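Participant: got a structure for you, letters missing:
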């Protein structure tokens, strides 16, 4: 979108590594901000070497490019006085600083909130941690799977007699990045009114707790232990039958909220009429067991041909090849191609936000380590 992008003219210093902080900076870059990634001289962001399925691109991991596309790289040793002075020159003119160092590290480097706000009162200072600034978990490793496990999220998935099941994605990392971006944008709006910068902090554990607000709001106000998971097709600990995923003759079918008696009529399972509405939660496993056995008798498409015209919320369970084969996927233009300096190409997802009806894409791959330092030093020395 160029100069018309919402964050055009905003300069972001991204000191963060791995996923949460970099995903926040990525979204700001998608919205038009200039993002300068401040990295260690030796090795840079640790995710440069974090390979998923051994997939590499342009000297680094493909994951690194997925989360750092379109940024610039400024390599510096923050323990070296000359490098630290150079970084402070960047801080003095930046709009936003993002970091995910453990509590106390930025202060020891002389880049804590008190230091940088005195240097640049207009700066938005954004930090993401694992477990917040205080408390007995303060110094635990802030890693997504660990946070899912500590927060209760892993206990929400899977059937009643099965083990805890974590989400297959780094959901607390990505959601923390989204929460941090919201705080940054709010402070940029406030700065436009007052001229003053501000500080925003999020943690993975607080994000994980907030992510469960729907369920925790019930649990916190009931006299109960952990709510039981359904023993059959568990999809939500507090929702009645038929909510869940069921196997069919040739695949899987998701059923959301639906009147059990009407559902039974539509699919030819008249025994469901014997369950009055007041029993749809208490008797959910008995109802789901009947559905499980019945839905196995026909193909997914056959069931959908009955359910969708009747207005029942249902969907096939697609894997990635099936999703990509759908015309709906093509209509979204959900992917983009980035190019390395030597012309190699990598297909990535794009920003999911549309601005003024336009899709936000960028053809630039993630930067090579330190590739932009010389030009940035020249610019910021002026």
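Facilitator: Sure, I can see it. Note that the structure is a prediction, hence the values are computed from the model and not measured. Numbers count the residues shown, from 1 in each chain.
Participant: Where does pLDDT dip in the stretch 1-150 of the chain?
Facilitator: 1-3 (pLDDT under 70).
Participant: need the strands for it, in chain order.
Facilitator: For the stretch 1-150 of the chain, applying DSSP state E, counting those that start in this stretch gives strands covering 11-14, 34-39, 56-57, 60-61, 72-75, 96-99, 124-129.
Participant: Near the residue lying closest to residue 78 once chain neighbours are set aside, how many other residues are there?
Facilitator: Distance criterion CB to CB, 6 or more residues apart in numbering; nearest residue to residue 78, sequence neighbours excluded, is residue 109 at 5.1 Å. C-betas here are computed from N, CA, C, even on glycine. Residue 109 has 16 neighbours, counted by other CB atoms under 10 Å.
Participant: before we move on, what about residue 113?
Facilitator: 17.
Participant: Contacts only, for it.
Facilitator: With contacts defined as CB atoms under 8 Å, 6 or more residues apart in numbering, residue 113 is in contact with 106, 125, 199.
Participant: And those residues, which is closest to residue 91?
Facilitator: Within those, the smallest distance to residue 91 is 9.5 Å, found for residue 125 (CB to CB).
Participant: I figured the closest one was touching residue 115, is that so?
Facilitator: No. If you go by CB atoms under 8 Å, residue 125 and residue 115 don't touch, sitting 9.9 Å apart.
Participant: hmm, who's touching stretch 248-259?
Facilitator: Here stretch 248-259 has contacts from 235, 239-240, 242-247, 263, 277, 291, 295-300, 303-304, 307, 312-317, using CB under 8 Å, 6+ apart.
Participant: Give me the mean pLDDT for stretch 183-195.
Facilitator: For stretch 183-195, mean pLDDT rounds to 98.
Participant: quick one: buried residues of that stretch?
Facilitator: 183-185, 187-188, 191 (16 or more other CB atoms under 10 Å).
Participant: likewise stretch 289-300?
Facilitator: Those would be 290-292, 294-295, 298, 300, for stretch 289-300 by 16+ other CB under 10 Å.
Participant: Quick one: the residues you listed as JSON lines, columns for secondary structure and distance to residue 178 too.
Facilitator: JSON lines is the format used below for the buried residues of stretch 289-300 (DSSP: H, G, I helix; E, B strand; the rest coil; distance: CB to CB, whole Å):
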{"residue": "290", "secondary structure": "helix", "distance to residue 178": "40"}
{"residue": "291", "secondary structure": "helix", "distance to residue 178": "35"}
{"residue": "292", "secondary structure": "helix", "distance to residue 178": "36"}
{"residue": "294", "secondary structure": "helix", "distance to residue 178": "40"}
{"residue": "295", "secondary structure": "helix", "distance to residue 178": "36"}
{"residue": "298", "secondary structure": "coil", "distance to residue 178": "40"}
{"residue": "300", "secondary structure": "helix", "distance to residue 178": "33"}
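Participant: Out of the residues you listed, which is nearest to residue 331?
Facilitator: Distances from residue 331 to these, taken by CB to CB, are shortest for residue 300, at 21.8 Å.
Participant: and the gap between that closest one and residue 346?
Facilitator: 33 Å (CB to CB, to the nearest Å).
Participant: if you look at the buried residues of stretch 183-195, which of them are in helices?
Facilitator: Within the buried residues of stretch 183-195, residues falling in helices by DSSP state H are 183-185, 187-188, 191.
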